[in-house]
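1. Sequence and predicted structure are below.
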Amino acid sequence: LHEALGAAPFPNSKVVGGYDVINNDSDPMDDNGHGTHVAGIAAGYGPPPVNLRGVAYGARLWAFKVLNSAGQGQFSQIIAGVDRALDPDNNPATPTPIQVLNLSIGGSGNPNDALSRSIDNAVNSGVVCAVAAGNSGGYYTINSPGCARRALTVGAVNNSDAIAYFSSRGPSDLLFAIKPDLVAPGFPVYSAKAGGGYLFESGTSMAAPHAAGAAAIMRQLHPEWTAEEIKANLMETAHDLSLDVWTQGHGRLDVFSAAQESVIVTPGSLSMGFDVTSQAIWTQRDTLRIFNSKNVPEIFQFSTDQALPSGISMTFDSSLVAVDAYDSSSVGLTFAVDNSLYAYPTTNPSAYVNKVIAPSTLTSERISIPFAFIKSPIFNLHFDVPPTLVDIHNNNDSAFFNVVYTNLISTGLSILVPADTYDVATFYYV
């Protein structure tokens, strides 16, 4: 294997096990190159003169090959790889030694598809799942399984913290959830090259293993934390880049800050979903759970970061929540929208975004959790025959919106758009 991945035949001291789902054997050798580069980012440890150091360079790796040499495969093969990682010795009676999964992989899908569900199941089993957001750019482009409810979904930035043009943005499909959860370096990244040497690669595939390596470090620091708590810790300690939540989530991964933090709130963000405008008052309920790993108690005072506009309310079951040392507490909240008072947003995405904040009354600790919901018109188009190209553009430019669809195979098209007046240009190949 590569000098930064054990420098010895598989299995070795660095890559200790795995399985090849494609060829149904125990030799998951990388014949594409993608996996080698990703593995080096997460946990590589190389000799001079390059001295490659992955994020968790002391971690051991397992390799599960789920795509062919061209980087292609079926969702069923990826699911088989996830299942194998949860039971690598084929003995359900023994716990898996794998604590973190990285999936620098994805395709079209939604949070309810089988692959996303397999990620949710893995997290429920105690495994942190870092997943690439996708490389489609633009809003509403989060791939599956990045759109999975419990995935730690990772977008990409460059070394100057500028968002990568290709980094997929939320909201997620169906649930309209806040995704990605955070961003990490992915444009470009220097790591191991299959067959030897090193090279630069770019993609959210390169960003995800940064988060996976960070999760491995947090696993070692806090073995008592659940997978959901580690995900929340990495989200809540990310460096805010002052971008919208659909682009950055909480912000750029900050491993040092994550290692210093001892208070966690789950979930790490509150995705209220899609406003049902047929309801006069649309409401959502949720619960925040606060975990205090410090040796001192805390009392948090809950409110919203920005004043709520007319027609939107958020009430907490208790505005003051006490959490003893090494203990946890929870607080319920109710979010409501009066659809007669709160109009459609003109932003793209057509969303309302704010934060739940809770400074401690005893220490300098401060909780900050983003929340958002979508309230959007649905633009329905119907054609006599499927068009070759459709270009939809808003007339007033209150929030610039332009989208192009090519080679449609159906006679209908439904999209979410900001409230505005639109031109539709339709083209047919004759």
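-> Noted; the coordinates are in hand.

2. Report the secondary structure element holding Ala208.
-> Assessed by DSSP states H and E, Ala208 sits inside helix 204-221.

3. Same question for Ile41.
-> Under the criterion of DSSP H and E, Ile41 resides in helix 34-43.

4. On the C-terminal side of that helix, identify the next helix or strand.
-> From helix 34-43 onward toward the C-terminus, using DSSP H and E, the following helix or strand is strand 61-65.

5. just to revisit the earlier point, state the mean pLDDT of the helix holding Ala208.
-> Average pLDDT, helix 204-221: 98.

6. quick one, that helix and helix 34-43 angle?
-> If you take axes from the mean of the first three to the mean of the last three C-alpha atoms, to 10 degrees, helix 204-221 sits at 40 degrees to helix 34-43.

7. picking that back up, now do the helix holding Ile41 against strand 61-65, angle only.
-> Helix 34-43 and strand 61-65 are oriented at 160 degrees to each other (the same axes, to 10 degrees).

8. circling back to that earlier point, helices or strands up against the helix holding Ala208?
-> Under the contact definition 3 or more C-beta pairs under 8 Å, 6 or more residues apart in numbering; DSSP states H and E, helix 204-221 sits against helix 34-43, strand 100-103, strand 128-132, strand 152-157, strand 182-185, helix 227-236, helix 255-260. Placement of C-beta: from N, CA and C, glycine included.

9. Partner strands of the second one, with direction?
-> This means strand 100-103. Strand 100-103 pairs in its sheet with strand 128-132 (parallel), by DSSP bridges.

10. Restrict the partner strand to CA atoms and write it as CSV.
-> Coordinates of each C-alpha in strand 128-132 appear next as CSV, following Å, rounded to 0.1, in the frame of the first residue of the first chain:
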residue,chain,number,x,y,z
VAL,A,128,-20.6,8.9,13.0
CYS,A,129,-21.2,9.2,9.3
ALA,A,130,-19.4,12.0,7.5
VAL,A,131,-20.8,12.4,4.0
ALA,A,132,-19.9,14.6,1.0
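
11. residue nearest the centroid of the protein?
-> Closest to where the C-alpha atoms of the chain average out (C-alpha atoms, centre = their mean) is Thr153, at 1.4 Å.

12. Bridge partners for that residue, pull those for me.
-> Beta-bridge pairing of Thr153 under DSSP bridges involves Val131.

13. Let me see the contact set for it.
-> Neighbouring residues of Thr153 by C-beta atoms under 8 Å, 6 or more residues apart in numbering: 131-133, 142, 146-147, 179-181, 249.

14. Out of those, which comes closest to Gln72?
-> Closest approach to Gln72 among these (C-beta to C-beta): Ala132, at 15.9 Å.

15. what about the closest one, neighbour count?
-> Ala132 has 32 neighbours, counted by other C-beta atoms under 10 Å.

16. Tell me the confidence at it?
-> Looking at Ala132, its pLDDT stands at 98.

17. likewise Ala164?
-> Here, the pLDDT recorded for Ala164 equals 98.

18. Next: Ala419.
-> As predicted, Ala419 sits at a pLDDT of 83.

19. returning to that earlier point: make a markdown table from the contacts of Thr153 and add distance to Asn348 to it.
-> Below are these laid out as a markdown table (distance: C-beta to C-beta, whole Å):
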| residue | distance to Asn348 |
| --- | --- |
| Val131 | 25 |
| Ala132 | 23 |
| Ala133 | 18 |
| Ile142 | 16 |
| Gly146 | 20 |
| Cys147 | 19 |
| Lys179 | 16 |
| Pro180 | 17 |
| Asp181 | 21 |
| Gly249 | 18 |
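
20. What's the ChimeraX line that selects buried ones from these?
-> A single ChimeraX command selects the buried members of the contacts of Thr153 (16 or more other C-beta atoms under 10 Å):
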select :131,132,133,142,146,147,179,180,181,249
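
21. out of the contacts of Thr153, who's nearest His239?
-> Gly249 (11.4 Å).

22. Settle this for me: the closest one is touching Pro180, isn't it.
-> Yes: look at Gly249 against Pro180 with C-beta atoms under 8 Å: they come within range, at 4.6 Å.

23. so what sits against both of these two?
-> Common contact partners of Gly249 and Pro180 (C-beta under 8 Å, 6+ apart): 153, 155.

24. separation between the nearest residue to Val157 once chain neighbours are set aside and Ala162?
-> Spatial nearest neighbour of Val157, excluding adjacent residues (C-beta to C-beta, 6 or more residues apart in numbering): Val183 at 4.9 Å. Val183 sits 10 Å away from Ala162, going by C-beta to C-beta, to the nearest Å.

25. the more surrounded of those two?
-> Taking other C-beta under 10 Å, Val183 and Ala162 do not tie; Val183 has more neighbours (31 against 11).

26. Would you check how far apart the more buried one and Val276 are?
-> In terms of C-beta to C-beta, Val183 sits 31 Å off from Val276.

27. And His210, by the same measure?
-> His210 is 38 Å from Val276, by C-beta to C-beta.

28. Tell me which of those two has more neighbours.
-> Neighbours were counted for His210 and for Val276 using other C-beta under 10 Å; His210 has more, 27 against 11.

29. residue contacts, that one?
-> Residues in contact with His210 (C-beta under 8 Å, 6+ apart) are 41-42, 55, 154, 184-186, 253.

30. Double-check that Phe300 belongs to a helix.
-> No: counting by DSSP: H, G, I helix; E, B strand; the rest coil, Phe300 is not part of a helix but strand.

31. OK, contacts around the closest residue to it other than its chain neighbours?
-> Nearest residue to Phe300, sequence neighbours excluded (C-beta to C-beta, 6+ apart): Ala358, at 3.9 Å. Residues in contact with Ala358 (C-beta under 8 Å, 6+ apart) are 300-303, 321, 366-368.

32. And for Ala42?
-> Residues counted as contacts of Ala42 (C-beta under 8 Å, 6+ apart) are 54-56, 59, 61, 102, 209-210, 212-213, 216.

33. Recalculate using a threshold of 10 Å.
-> Going by C-beta atoms under 10 Å, 6 or more residues apart in numbering, Ala42 touches 54-57, 59, 61, 100, 102, 104, 130, 191, 208-216.

34. Report how many residues lie close to the nearest residue to Ala59 once chain neighbours are set aside.
-> Spatially, and ignoring its direct neighbours in sequence, Ala59 is nearest to Ala43 (4.2 Å; C-beta to C-beta, 6+ apart). By other C-beta under 10 Å, the residues close to Ala43 number 26.
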